[in-house]
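>>> output the structure for:
(chains A and B, ligands or ions: 2)
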Amino acid sequence: MVQADILSQIILYGVLTGGVYALVAMGLSLIFGVMDVVNFAHGAYLMLAMYSSYFAWQILGLDPFLSILLVAPAFFVFGVISERLIIHPIIDEPDFAQIFATVGLIWVFENFAHYFIGTDPKGIEAGYGGMSLLGVPVQEVRVYGFVIALLTALGMYLLLEKTKIGLAIRATAQDKEAAELMGMSSEVVYMVTFGLGIALVGVAGPVMASIYSTTPTVGANYVLIAFVVVVLGGLGDVFGVLWAGMLIGIVDAAVAFFYEPTLSAPVYYTIFIAVLVLRATGHLGGSDEGLLSRIANIASSNESS
Amino acid sequence: MSNKETLLSVDDIEVFYGETQALFGVSLEVYEGELVTMIGGNGAGKTTTLRTISGLLSPRVGSITFKGDEIAGKGPDEIVKLGISQAPEGRMLFSGLTVEENLYAGAYHRSDDAAVEEDLEMVYDYFPQLPDLLEHNAEDLSGGQQQMLTIGRALMSDPDLLLMDEPSLGLAPQLVQTIGGIVEDLRDDGQTILLVEQNAELALDISDRGYVVQTGEVVASGPTEELRDTDAVRSAYFGQ
Ligand SMILES: Nc1ncnc2c1ncn2[C@@H]1O[C@H](COP(=O)(O)OP(=O)(O)O)[C@@H](O)[C@H]1O
Ligand SMILES: [Mg+2]
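Ligands and ions are numbered 1, 2, ... in the order given. I've put the predicted structure just below:
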């Protein structure tokens, strides 16, 4: 018999963790929805952001949540530069060029981390303890991380809906040529979009580094989750991604509790396929179905390789 | 008319899609304040010409000057800032954005906020249906409303030259007349327009001058009242 307090614990943990998953997925969704680029390196960027926060704590003594103020802007710039150097040259090339480029980045980033940092898990001990939320004992870092995820989602929403560059991003997602006819430079929009997507990882990284320990391959654990969240939440739909993240967080927590953690991945994958079949729709791009079938293709070719 | 300033001058441009040539030396001029039309059948090269002027395509040969400056090879986002906007073929609205957002998208490159608001009012004067539709997504509008939004969006950039690609396409005859009337009103209010049409009758009725294109070449040009009687136009449109 499942007790009520266990159930509420699973749901609360799931929601808190899912909010952070959503942060990672939001950047993926944005880049995907606007640029039609599948950033396989998203998890590797996350790994670098987690290390950045770790070193900010270890060397500068910076609290991981405070380090967001450094890491997120730095990752925005990092994203803009990456777009210029890696994505821009292949933006009009066939899918496989994008796969090579972004999968190549994973290799570069992971080896960089492996070589310079090593494989020892790095954890931040910033002195946060436990607290009680709705009568359930939880770690403080999870609660703060969730609040940051919510605020970031809100900020992202306002940026996309209420600012001029947000209008340009949404217009470009809908019709790139028409947007250019309005004076919106797609080169600039793509740089900003990729920069924002990576900046979101720059927010998620410190939050995750405060909860989990970091290794060179830690990003891979979260990429599949992020893909499922994106497909479930809809492309470029900030709040859709947030809900989806929480849902996946709950599934994650439930599977880990009732069965075992290693079963999570097959469960995500099943949800992923189910959603593809059900054809979820997003709000940003005009061609979500095409994009969804693209993820399906890429994902299945990825699986079989 | 010829004592007016030349606003746009397209000089002998050749445009290719890959290795396939679409324009074989097209030349045309638009003077300030004029309503000029370019007519021709399906596949003649009208859209290609407008897309080249807007910078979506680059001519391999030839030049395009606007207000005396060469613009061939510049990007579309630069050209709209110089004063050329387009109501493109197929409308190319931002279908998932609201009517209001589409209109503001048209004014994207402008920073004169007060004038943008005035122009919004002007667009509402031309298209009184639009103010009631502001919160609707563009994709939920009727064909006629979408065409109005397309023209309104192009006007929001405060263009010196407005390019219109088949605004009558796919509209009921009565709406075609309405749109034609609005195009005339715009010209009468001082807007310089280059209008591309397959509906030659409508275009020749409302325009000052015209060019007839066939398979990527200009085969006749002149004041519309003369053009109507040329063999090229008669054989292409009225004599079949
Ligand atoms: N994207 C394209 N790729 C290849 N050929 C094209 C493309 N667009 C138009 N064409 C060709 O260029 C020629 C001119 O087309 P277009 O300018 O669209 O004509 P119009 O607008 O007068 O109907 C046609 O032969 C057409 O088939
Ligand atoms: Mg055409």
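
>>> could you list which residues are in contact with the closest residue to A:Val267 other than its chain neighbours?
Among residues not flanking A:Val267 along the chain, A:Val255 sits closest, at 5.2 Å (C-beta to C-beta, 6 or more residues apart in numbering or on different chains). Any C-beta I mention is one placed from the backbone N, CA and C, and that applies to glycine too. Contacts here follow C-beta atoms under 8 Å, 6 or more residues apart in numbering or on different chains; on that basis A:Val255 touches A:Pro261, A:Leu263, A:Ser264, A:Val267.

>>> give me the distance between A:Val255 and chain B.
35 Å (C-beta to the nearest C-beta, to the nearest Å).

>>> for that residue, give its distance to A:Asp36.
Separation of A:Val255 from A:Asp36 (C-beta to C-beta, to the nearest Å) stands at 32 Å.

>>> what residues of stretch B:160-175 count as buried?
For stretch B:160-175, a neighbour-count test (16 or more other C-beta atoms under 10 Å in any protein chain shown) marks B:Asp160, B:Leu161, B:Leu162, B:Leu163, B:Met164, B:Asp165, B:Glu166, B:Pro167, B:Ser168, B:Leu169, B:Leu171, B:Leu175 as buried.

>>> now for the host helix or strand of the last one, which elements pack on it?
For B:Leu175, the host element (DSSP states H and E) is helix B:173-188. For helix B:173-188, the packing partners by 3 or more C-beta pairs under 8 Å, 6 or more residues apart in numbering or on different chains; DSSP states H and E come out as strand B:35-39, helix B:113-126, helix B:143-155, strand B:192-197, helix B:200-206.

>>> say whether ligand 2 is contacted by stretch B:6-23.
No: with C-beta under 5 Å from the ion as the criterion, ligand 2 is not reached by stretch B:6-23; the gap is at least 10.8 Å.

>>> hey, C-alpha coordinates of that stretch in PDB?
Provided in PDB are the C-alpha atoms of stretch B:6-23 (Å, rounded to 0.1, in the frame of the first residue of the first chain):
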ATOM      1  CA  THR B   6      13.600  58.400 -60.300                       C
ATOM      2  CA  LEU B   7      13.100  56.400 -57.100                       C
ATOM      3  CA  LEU B   8      13.900  52.900 -58.400                       C
ATOM      4  CA  SER B   9      15.900  51.900 -61.400                       C
ATOM      5  CA  VAL B  10      16.300  48.200 -62.300                       C
ATOM      6  CA  ASP B  11      18.900  47.900 -65.000                       C
ATOM      7  CA  ASP B  12      19.200  44.800 -67.200                       C
ATOM      8  CA  ILE B  13      19.200  42.300 -64.300                       C
ATOM      9  CA  GLU B  14      19.700  38.600 -64.800                       C
ATOM     10  CA  VAL B  15      18.600  36.300 -62.000                       C
ATOM     11  CA  PHE B  16      19.200  32.500 -61.600                       C
ATOM     12  CA  TYR B  17      17.800  29.800 -59.500                       C
ATOM     13  CA  GLY B  18      20.800  27.500 -59.300                       C
ATOM     14  CA  GLU B  19      21.700  27.100 -62.900                       C
ATOM     15  CA  THR B  20      18.200  27.900 -64.200                       C
ATOM     16  CA  GLN B  21      17.900  31.400 -65.500                       C
ATOM     17  CA  ALA B  22      14.600  33.200 -64.600                       C
ATOM     18  CA  LEU B  23      15.300  36.800 -65.600                       C
END
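
>>> how far does the helix or strand containing the residue nearest to A:Val267 sit from its chain's centre?
According to DSSP H and E, A:Val255 maps onto helix A:238-258. Centre-to-centre, helix A:238-258 and its host chain are 14 Å apart (C-alpha atoms, centre = their mean, to the nearest Å).

>>> I'd like the average pLDDT over it.
Averaged across helix A:238-258, pLDDT comes to 88.

>>> and the next helix or strand past that helix?
helix A:264-278.

>>> give me the angle between that next one and helix A:238-258.
Taking axes from the mean of the first three to the mean of the last three C-alpha atoms, to 10 degrees, helix A:264-278 and helix A:238-258 form an angle of 140 degrees between their directions.
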